[in-house]
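Trainee: Predicted structure and sequence below. I'll ask about it afterward.
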Amino acid sequence: MAQNSVVAPPMPSGREPILRPEINGYEPFASYRFLVRIGNVPVGAFLDCKMPTISWSTQEVKEGGQNAYTHELIGQRKKASLVLKRGVAVTSVLTDWYRDTLEQRVRRETVVVSLLNSFYDPVITWNIAGAYPIKWQGPKLDTKAKTIAIDTITLSCGLITVEDPLGR
């Protein structure tokens, strides 16, 4: 058996077990099993959850007499957005939140996104404080399509922290 591999459970077909890669003692997790909450309220099933890209502005500083390299100093974190896609619903916590924003009643909320393992236990959780809706995109309606209507909501992100519920 290859080093740094995990043997999958035997397949019902009797085929050979599949070797799955293990990275530094941890098995990679599936990206399709996740939970989104606003505060402590689960807000439904999402088809897609695009996590924020976190980056910082930098400033290049040239040191007199040093021609081999320049220094790069870190500045402020750039804006970050969380994008959620789901089937259109008549009403939900998310829809009500967006309506409030439309009516100039902006409420900042904590959004919690948890990646789940195969037992639906959280393996990593992102806490996004001070989030609020900044964009909504309605569904594409097409009489020839045989798909569900999808809407997309983009949330501006405040402070983003990461926690490991398993304490690793």
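Mentor: Right, received. Where do you want to start?
Trainee: Tell me where the protein is predicted with low confidence.
Mentor: Residues of the chain that meet the criterion pLDDT under 70 lie in 1-27, 165-168.
Trainee: Quick check: next helix or strand after whichever helix or strand residue 74 is part of?
Mentor: Assigned by DSSP states H and E, residue 74 belongs to strand 71-77. Where DSSP H and E defines the elements, the next helix or strand beyond strand 71-77 is strand 81-87.
Trainee: And the residue nearest the centre of this protein?
Mentor: Among the residues of the chain, residue 51 comes closest to the average C-alpha position under CA atoms, centre = their mean, at 3.0 Å.
Trainee: Could you pull out the buried residues of the longest strand along the chain?
Mentor: Longest strand in the chain by number of residues (criterion: DSSP state E): strand 122-137. By neighbour count on 16 or more other CB atoms under 10 Å, the buried set for strand 122-137 is 122-128, 131-133. To be clear about C-beta, it is placed using only N, CA and C from the backbone, and glycine gets the same treatment.
Trainee: just stretch 48-66 next, same as before
Mentor: Using 16+ other CB under 10 Å as the test for burial, stretch 48-66 gives 49, 51-52.
Trainee: The following helix or strand past the longest strand of the chain - which strands sit beside it in the sheet, and in what orientation?
Mentor: Using DSSP H and E, the helix or strand that follows strand 122-137 in sequence is strand 150-156. Strand pairing for strand 150-156, determined by DSSP bridges: strand 81-87 (antiparallel), strand 122-137 (antiparallel).
Trainee: ok so, going back, please list the outside residues in contact with the longest strand of the chain.
Mentor: Applying CB atoms under 8 Å, 6 or more residues apart in numbering, the set of residues contacting strand 122-137 from outside is 29, 35, 51-52, 81-82, 97-98, 101, 106-117, 151-166.
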